[in-house]
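A.B. asks: Okay, structure incoming, though there's no sequence with it:
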């Protein structure tokens, strides 16, 4: 992912460090042209589990995207608590280099 990437952005990570991202995600940048869209489908044992962990996105909605065979892909209506909280906490933090998870 680089400056010419025009796909979806994840949560902002203005420091440029992976520590700013949910578990299993990396910080990339600069990506000034990405589309800021919240993820809505995550793997988990239950819908609540998926919304609490927010660690493995399953964009297609297919359970096979989940690494753990016991997990399913859940549509959590953009309410991914960990990622959304992180994003909200940094929404007003300057992100001059356009780094995103």
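C.D. replies: On my side now, so go ahead. This is a predicted model, so every value here is computed, not measured. Residues are numbered from 1 along each chain as shown.
A.B. asks: Do a quick rundown of the strands in the chain.
C.D. replies: 8-9, 35-36, 41-44, 72-75 (DSSP state E).
A.B. asks: could these go into TSV alongside mean neighbour count and mean pLDDT?
C.D. replies: Glycine gets a C-beta too; all of them are placed from N, C-alpha and C. Output for these, formatted as TSV (neighbours: other C-beta atoms under 10 Å; pLDDT from 0 to 100):
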stretch	mean neighbour count	mean pLDDT
strand 8-9	18	76
strand 35-36	10	70
strand 41-44	23	88
strand 72-75	18	90
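A.B. asks: For burial, what's the neighbour tally of residue 5?
C.D. replies: 17 (other C-beta atoms under 10 Å).
A.B. asks: ok, it touching residue 32?
C.D. replies: No. Residue 5 lies out of contact with residue 32 (C-beta atoms under 8 Å); the separation is 9.1 Å.
A.B. asks: Would you map the helices across the chain?
C.D. replies: Taking DSSP state H as the test, the helices found in the chain are 47-53, 81-90.
A.B. asks: Which of the ones you listed has the lowest mean pLDDT?
C.D. replies: With a mean of 55, helix 81-90 has the lowest mean pLDDT of the helices of the chain.
A.B. asks: what's the pLDDT at residue 31?
C.D. replies: 83.
A.B. asks: just residue 39 next, same as before
C.D. replies: pLDDT, residue 39: 64.
A.B. asks: got the strands of the chain as TSV, with distance to residue 22 columns?
C.D. replies: Shown next, in TSV, are those (distance: least, C-beta to C-beta, whole Å):
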stretch	distance to residue 22
strand 8-9	14
strand 35-36	16
strand 41-44	10
strand 72-75	16
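A.B. asks: To residue 23, which of the ones you listed lies closest?
C.D. replies: Across those, residue 23 has its closest neighbour in strand 41-44 (11.7 Å, C-beta to C-beta).
A.B. asks: Fine by me, thanks again.
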